[in-house]
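**Q** Quick one: sequence plus predicted model below, questions after.
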Amino acid sequence: VIAEAAKEMDIKCYVIGGYVRDYLLQRGIPKDIDIVAVGSGIELAKKVASKLSGKPEISVFKNFGTAMLKNKGVELEFVGARKESYHFDSRKPVVEDGTLEDDQKRRDFTINALAISLNKDDYGTLLDPFDGISDLDNKLIRTPLDPDITYSDDPLRMMRAIRFASQLNFTIFPQSLDAITENKDRIQIISKERIVDELNKILSSPTPSLGLGLLHKTGLLEYILPELTALQGIEEIEGQRHKDNFWHTLEVVDNISKHTDNVWLRWAALLHDIGKAPTKKFDKKIGWTFHGHEFVGSKMTYKLFKRLRLPLNDKMKYVQKMVLMSSRPIVLAEDFVTDSAVRRLIFDAGDHVEDLMTLCEADITTKNPKKQKQYKN
Ligand code: ATP
């Protein structure tokens with residue numbers, strides 16, 4: 001239908017971006033399809049809508065030159081091919097009409113710049129000016145242009161690179177990775193909402209430590225979640241060391257992610273030790289202590305959610321509660337508590353007891369078989 005509409009309007013159109021990438025990766029049928037028209041995307045959307053049975057409604061975003069059409073649960077997004085140029089001090093590009101290749105150049109990564117023709121004379125032809133296909137084969141995230149330009153134009157792309165690496169288990173091309181470290185401070189001009197969107201996608205990926213580790217390695221994490229980077233490192237006093245709570249946290253997040261897709265539980269795992277940096281003390285008699293870190297951590301959770309403009313609703317309270325409870329059962333197990341105390345704890349956890357037990361299970365990092373058995377019990 002789209003091809004027919006474009007033909008009647010005598011314009012060229014292409015499927016582009018995530019749909020082509022995911023189709024080639026056989027990641028299942030994506031729910032949104034981006035269509036680029038060399039001409040007016042909005043007019044094309046209107047024409048397509050008029051041809052579809054049921055005459056679906058379209059939403060037109062005149063300022064962006066785009067139109068969205070929902071049909072049978074699929075979102076079709078139409079845009080006119082455009083050329084974008086940016087000024088250093090502004091996030092808003094200067095936009096002018098362009099060719100398909102101009103439009104491919106404004107895309108963030110080679111694997112997101114792939115287009116498939118919907119035109120009669122070359123229907124189904126893949127248009128790949130930046131060799132995105134070999135990057136798909138080699139599992140590489142690479143910017144189509146000089147990465148310093150790509151990231152400086154829209155610094156969110158640095159997080160998108162890391163998000164795709166984490167979701168797809170791809171490697172970021174060395175120059176494209178080094179440029180993230182070099183441009184990391186530009187992330188500060190990006191809105192919290194866009195940052196959190198990417199963070200949630202990283203947390204929802206199969207092995208979140210891939211993305212979180214890259215955020216840390218490139219220095220982005222320091223801007224986004226300084227509470228977490230504060231956990232990194234091992235101190236030694238009088239021959240006594242504590243574990244590196246940052247890397248431990250990433251392990252816990254991965255373990256949790258094997259058990260649940262619930263992103264709030266993954267958040268709880270991510271934040272469960274954040275109270276340890278401000279509560280860390282060395283006591284000559286007992287060594288390193290983090291007394292009260294659960295309580296401090298749950299308070300920090302509220303502040304962190306507020307700063308990142310995450311909703312301060314019952315999801316936040318749930319994460320707070322999980323942070324507050326996270327290490328209690330383990331402390332209890334170590335103290336050989338009675339059954340009734342454990343039962344009371346389970347009762348306290350209420351609805352979240354299953355999640356809590358999963359979290360505890362993930363936290364069992366001891367290699368001592370006797371202790372492992374004790375914890376399991
Ligand atoms: P997902 O649906 O998993 O978020 P996606 O690639 O479809 O992945 P979208 O955010 O829907 O991501 O973007 C669609 C396409 O638009 C991308 O494939 C890419 O070509 C382009 N795009 C999106 N955001 C940017 C950006 N910040 N800079 C450049 N191109 C972008």
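**A** The structure has been received and is ready for your questions.
**Q** Not counting its neighbours along the chain, what's nearest residue 282?
**A** residue 237 (4.8 Å; CB to CB, 6 or more residues apart in numbering). The way it works is simple: take the backbone N, C-alpha and C, and place the C-beta from them, glycine included.
**Q** ok, what's across the strand from the one you found?
**A** Counting by DSSP bridges, residue 237 is bridged to residue 240.
**Q** ok, now which ones touch residue 136?
**A** Going by CB atoms under 8 Å, 6 or more residues apart in numbering, residue 136 touches 21, 24, 25, 111.
**Q** Can you verify the last one is assigned to a helix?
**A** To tie it back to what came earlier, the one meant is residue 111. Yes - counting by DSSP: H, G, I helix; E, B strand; the rest coil, residue 111 is part of a helix.
**Q** quick one, what contacts it?
**A** 21, 132, 135, 136, 140, 141, 142, 164 are the contacts of residue 111 under CB under 8 Å, 6+ apart.
**Q** Wait, a strand at the fourth one?
**A** The reference is to residue 136. No - looking at residue 136 with three-state DSSP, it is helix, so not inside a strand.
**Q** For the one residue in the chain that gets nearest to the ligand, report the pLDDT, please.
**A** Per CB to the nearest ligand atom, residue 18 is where the chain lies closest to the ligand, at 2.3 Å. You'll see residue 18 listed with a pLDDT of 95.
**Q** Could you tell me which residues of the chain lie near the ligand?
**A** The chain comes close to the ligand at residues 17, 18, 32, 34, 107, 108, 112, 154, 156, 157, 160, as judged by CB under 6 Å from any ligand atom.
**Q** Pull out the buried residues from those.
**A** Burial by neighbour count, 16 or more other CB atoms under 10 Å: within those this picks out 17, 18, 34, 107, 108, 112, 154, 156, 157, 160.
**Q** could you dump those to a markdown table with secondary structure?
**A** Converted to a markdown table, those look like this (three-state DSSP):
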| residue | secondary structure |
| --- | --- |
| 17 | coil |
| 18 | helix |
| 34 | strand |
| 107 | coil |
| 108 | coil |
| 112 | helix |
| 154 | coil |
| 156 | helix |
| 157 | helix |
| 160 | helix |
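**Q** give me the beta-bridge partners of the closest residue to residue 56 other than its chain neighbours?
**A** Spatial nearest neighbour of residue 56, excluding adjacent residues (CB to CB, 6+ apart): residue 71 at 4.8 Å. Beta bridges link residue 71 to residue 74 when assigned by DSSP bridges.
**Q** List the residues that contact residue 71.
**A** 52, 54, 56.
**Q** Distance-wise, check it relative to residue 53.
**A** For residue 71, the distance to residue 53 (CB to CB, to the nearest Å) stands at 9 Å.
**Q** Equivalent analysis for residue 76, please.
**A** 15 Å.
**Q** Contacts only, for residue 233.
**A** 244, 246.
**Q** can you check residue 17 too?
**A** Counting by CB under 8 Å, 6+ apart, residue 17 has contacts 34, 107, 112, 113, 114.
**Q** who's more crowded, residue 76 and residue 53?
**A** Ranked by neighbour count (other CB atoms under 10 Å), residue 76 and residue 53 place residue 76 first, with 24 against 8.
**Q** wait, is the more buried one part of a helix?
**A** No - going by three-state DSSP, the assignment for residue 76 is strand, not a helix.
**Q** Quick check: chain neighbours aside, which residue is closest to it?
**A** Counting by CB to CB, 6+ apart, the residue nearest residue 76 is residue 69, at 4.6 Å.
**Q** quick one: secondary structure of the one you found?
**A** strand.
**Q** Count the neighbours of it for me.
**A** 23.
**Q** would you list every one of the helices in the stretch 1-150 of the chain?
**A** Assigned by DSSP state H, counting those that start in this stretch, the stretch 1-150 of the chain shows helices spanning 2-9, 18-24, 41-51, 100-105, 132-137, 147-153.
**Q** just to revisit the earlier point, show me the contacts for the residue nearest to residue 76.
**A** 45, 48, 49, 56, 57, 58, 59, 75, 76, 78.
**Q** residues in contact with the fifth one?
**A** Neighbour list for residue 57: 49, 69, 70 [criterion: CB under 8 Å, 6+ apart].
**Q** any chance of these in JSON lines, with pLDDT too?
**A** Below are these laid out as JSON lines (pLDDT from 0 to 100):
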{"residue": "49", "pLDDT": "94"}
{"residue": "69", "pLDDT": "95"}
{"residue": "70", "pLDDT": "93"}
